[in-house]
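1. Need a 3D model of the sequence below.
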Amino acid sequence: MAMGDRTPTSENEKASSLNKHDEDAEMQTQHQLDLTKPNTSGRIVNPLAGVPRDQLLRDVDDFMAEKGIPESDREYFHKGAIAAQSPGQHAQLDAFDDTDRAALDREIKSKWSHPMMLYWTIFICSVGAATQGWDQTGSNGANLSFPTEFGIGEAAGERGEWLVGLVNSAPYISSAFFGCWLSDPLNNLFGRRGVIFITALILIATPIASGFTHSWGALFAVRMVLGLGMGAKGATVPLLAAENSPSAIRGALTMSWQLWTAFGIFIGFCANAVVADVGKIAWRLQLGSAFIPALPLALGIFFVPESPRWLMKKQRYSDAYNSLIRLRFTKLQAARDLYFIHVQLKEESKIITAENYFKRFSNLFAVPRVRRATVAITVVMIAQQMCGINIMSFYSSTIFVEAGTTAKQALYASIGFGAINFVCAIPAVFIIDKIGRRSLLLITFPIMAICLLCAGFGFLAPNEIVNGESQATKGKLAIIALFIYLFTAAYSIGEGPVPFVYSAEAAPLANREVAMAYGVATTLFWASVLGLTFPRMLRALGSLGSFGFYAGLNMVAFVLIFHFVPETARFSLEELDQVFNIPTGTFIKHEYKAAGHLFSKVVLRSKAPGPEPLVKQV
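-> Sure, this is the predicted structure:
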């Protein structure tokens, strides 16, 4: 029987069940949630723990009256509050019947079992990500021809190199300085869905316009407008995915951004190769085709529920409840999530206020809990550019030509890069919530550094002369491609999916839009620097020097991640307030102890017990 159709057998029985005081230990705790103090113990405290049953139900009644929740749903909110107070204990509590227990069991035992509306939301977010990837790779193939047509090719010398870099980096400059920062006021006015629709329109118009430009200045201007849409969308789509997703699979669903950005990159490379032989208009088609995924994005976003947390931020609790009903199987689960989020947001409001844009921005650095999240977001976002992946995304065709391939061979080699970037992101869907964000980064960054060094040394292999022209031997091309592909595989599992997932979840609700804007602006700014400087770096340092430079940056990123990026997997968005309330010194000290124990265990074969986990649920 469906939850909405169930009728209580007796009013007296219902009242007795709901008001029976539970004497279990989970209702008694010596720890109380207090975000105004540093969380030196590392304990994650349930703010409802220890609240007597009768008081809990009175609080729920007051909440419903204040927020305009219909009286007809009182039963769901009473039970939901009890479920939130004692997560995972529903089998032992007499407040629930068999239908309730079956629904609550299902979300624990079948973590991937959710209403199709949740997966439709993630699919639309994925389309939004694919537009980002396709926009990025159109210029990759176009780099082989548009510079010559606009007189900024090799014949233009150093000036031409800088102008090509400027055109390529234009969307990222625009995103970093304008587009990302527009996301906060736009989200405030139009919500997550409204911003995605507006940016989809921009991403339809600008790729088409870029295909009709007749000077590098016009192309630069169009790509600057493109960046407005890319930045605001890139800062909003992961928020919608994270805020609509259950905690157990939030990482997997939010990382759809990276997975489908990688798919967009792959399709963009394929489109580049398809039109490579059409003559002088090839680069126009390569740039213009990026509008294709933006069309279903603009249409599909109308059928997606708005973020419940955004609606709660706007005090639209009834709408937030209806949104959760579409995203959860039962009203009990929707009521539980709504009330529990509300309770935790009340605690969060004691340390964080967000009266206006400037206050929200200043909180990123002024409030200790938020500042720690800001530092972590900065590290994971800068690391995405430090690792060197975008020298492949922007210039893989150029790199392969530098190795001695023909232009067509370079396009096909780039398709391999795009395919691996997509395919190897798929395993991350299943391990990002199990292994964790931090662990994935610490495992993959050293691998990426080694692969870049090996690929760089591959350029030292000699070429062969074919028809009077110097070309890479098959062995040389195989070595370079192999290590570039291995580098890409490691990136796609670690640094690829983590930054946007991490940035979307790390900040509190009051600052989430501006924190995400800051994070995306950070990575896109450094992407623009990379796009602007790499042609010149390649000329000055050569392929080996350039790859070696980024290999070194990979290890710098590894050190920063170790010191400043705590784990966020398996916690609700609101519980992360307590994770980031742990002082940085306490966190670093514990991580050094854990690293020392790992070294002793693996290298010295020590059997001594390791330190207790820093973060503990109570």
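
2. Only C-alpha atoms from now on, for both contacts and neighbour counts.
-> OK.

3. I'd say Tyr412 and Ala273 touch.
-> Yes - counting by C-alpha atoms under 8 Å, Tyr412 does reach Ala273; the two are 6.9 Å apart.

4. Who has more neighbours out of those two?
-> Ala273 (20 against 17; other C-alpha atoms under 10 Å).

5. For the more buried one, give its distance to Asn46.
-> Distance of Ala273 to Asn46, computed by C-alpha to C-alpha, to the nearest Å: 55 Å.

6. Report the distance from stretch 229-236 to the chain centre.
-> Relative to its chain's centre, stretch 229-236 lies at 12 Å (C-alpha atoms, centre = their mean, to the nearest Å).

7. how about the CA coordinates for it, as PDB?
-> C-alpha atoms of stretch 229-236 as PDB (Å, rounded to 0.1, in the frame of the first residue of the first chain):
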ATOM      1  CA  GLY A 229      27.000  31.600 -20.100                       C
ATOM      2  CA  MET A 230      29.700  29.000 -19.300                       C
ATOM      3  CA  GLY A 231      30.600  30.600 -16.000                       C
ATOM      4  CA  ALA A 232      27.100  31.100 -14.600                       C
ATOM      5  CA  LYS A 233      26.100  27.600 -15.800                       C
ATOM      6  CA  GLY A 234      29.200  26.000 -14.500                       C
ATOM      7  CA  ALA A 235      28.600  27.500 -11.100                       C
ATOM      8  CA  THR A 236      24.900  26.500 -11.000                       C
END
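
8. now what about that stretch, what contacts it?
-> Applying C-alpha atoms under 8 Å, 6 or more residues apart in numbering, the external contacts of stretch 229-236 come out as 128-129, 132, 171-172, 174-176, 178-183, 187, 192, 195-196, 198-200, 202-203, 513, 516-517, 520-521.

9. Return the per-residue confidence for Leu189.
-> On pLDDT, Leu189 comes in at 93.

10. what do you get for Cys424?
-> Listed pLDDT for Cys424 reads 89.

11. Tell me which residues are up against stretch 606-618.
-> The contact list for stretch 606-618 (C-alpha under 8 Å, 6+ apart) reads 29, 31, 41-46, 579, 587, 590, 593-594, 597-598, 600-601.

12. I'd like the next helix or strand past the helix or strand where Ala557 lies.
-> Using DSSP states H and E, Ala557 sits within helix 512-564. Using DSSP H and E, the helix or strand that follows helix 512-564 in sequence is helix 576-579.

13. Could I get the buried residue list for that next one?
-> Buried residues in helix 576-579, counted by 16 or more other C-alpha atoms under 10 Å: 576-579.

14. is it fair to say Glu464 lies in a strand?
-> Yes - Glu464: assigned to a strand according to DSSP: H, G, I helix; E, B strand; the rest coil.

15. shaky segments in the stretch 151-300 of the chain?
-> Applying pLDDT under 70 to the stretch 151-300 of the chain flags residues 154-155, 276.

16. Would you map the strands across this protein?
-> 43-44, 463-466, 469-472, 616-617 (DSSP state E).

17. Point out the other helices and strands that the first one packs with.
-> The one in question is strand 43-44. In terms of contact count using 3 or more C-alpha pairs under 8 Å, 6 or more residues apart in numbering; DSSP states H and E, strand 43-44 is assigned the packing partners helix 576-579, strand 616-617.

18. And for the second one?
-> Contact analysis of strand 463-466 by 3+ C-alpha pairs under 8 Å, 6+ apart lists strand 469-472 as its packing neighbours.

19. For Pro233, give its distance to Gly191.
-> For the record, residue 233 is Lys, not Pro. As judged by C-alpha to C-alpha, Lys233 and Gly191 stand 12 Å apart.

20. Neighbour count: those two, which is higher?
-> Lys233 (32 against 20).
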